[in-house]
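A.B. asks: any chance you can model this:
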Amino acid sequence: MAKAIHSMIRVLDEARSVDFYGRAFGLRVADRLDFETFTLIYLSNAETTFELELTVNKGRTEPYDLGDGYGHLAVSVSDLDATHARLTAEGLAPRKLVDFQNAGKRVARFFFIADPDGYQIEVLERGGRFL
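C.D. replies: Residues are numbered from 1 along each chain as shown. Next up, the predicted model:
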């Protein structure tokens with residue numbers, strides 16, 4: 001059986017991204033590996049063993065083209081309304097809350113927020129399949 005351990009995204013500015021993920025989701029630097037042409041930064045928190053790996057390619061000055069294949073990362077929170085309000089107060093511009101239903105039955109409650117590089121993050125209320 002395979003165990004998901006991390007997902008990697010390329011970011012332009014290490015400090016800006018570490019600040020965003022720390023403020024938004026309480027992710028902190030668990031490890032940082034510096035190489036000649038790139039740096040890997042692993043972010044995590046006490047909620048899960050899954051990590052977000054930020055790759056910073058040294059000398060890159062142009063934003064990455066995310067293309068039309070990237071979807072989103074997803075996190076779950078226990079209090080969606082409070083998280084939305086906190087992120088709004090932080091000036092991080094979360095989008096509107098959505099009550100997603102199918103045939104009159106709630107599938108999920110969520111909102112999206114973009115990180116500094118434009119990666120989309122879905123913030124889901126814990127419950128059902130989204131624990």
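
A.B. asks: tell me how far the longest helix that the chain contains lies from the chain's centre.
C.D. replies: Taking DSSP state H as the criterion, the chain has its longest helix at helix 14-25. Distance of helix 14-25 from the chain centroid (C-alpha atoms, centre = their mean, to the nearest Å) equals 9 Å.

A.B. asks: for it, name the packing helices and strands.
C.D. replies: Packed against helix 14-25, as judged by 3 or more C-beta pairs under 8 Å, 6 or more residues apart in numbering; DSSP states H and E, are the following elements: strand 38-45, strand 48-57. From N, CA and C alone the C-beta is placed, and that goes for glycine too.

A.B. asks: and the average pLDDT for that helix is what?
C.D. replies: Averaging pLDDT along helix 14-25 yields 97.

A.B. asks: now the element after it, going C-ward?
C.D. replies: Remark: after helix 14-25, the chain's next helix or strand is strand 28-34, criterion DSSP states H and E.

A.B. asks: show me what that following strand is packed against.
C.D. replies: Using 3+ C-beta pairs under 8 Å, 6+ apart: strand 28-34 touches strand 38-45.

A.B. asks: buried residues in the strand it packs on?
C.D. replies: Using 16 or more other C-beta atoms under 10 Å as the test for burial, strand 38-45 gives 39, 41, 42, 43, 44, 45.

A.B. asks: centre of the chain to it, how far?
C.D. replies: 13 Å.

A.B. asks: how's the chain carved up into domains?
C.D. replies: Domain segmentation of the chain under automatic domain parsing yields 1-59, 71-131.
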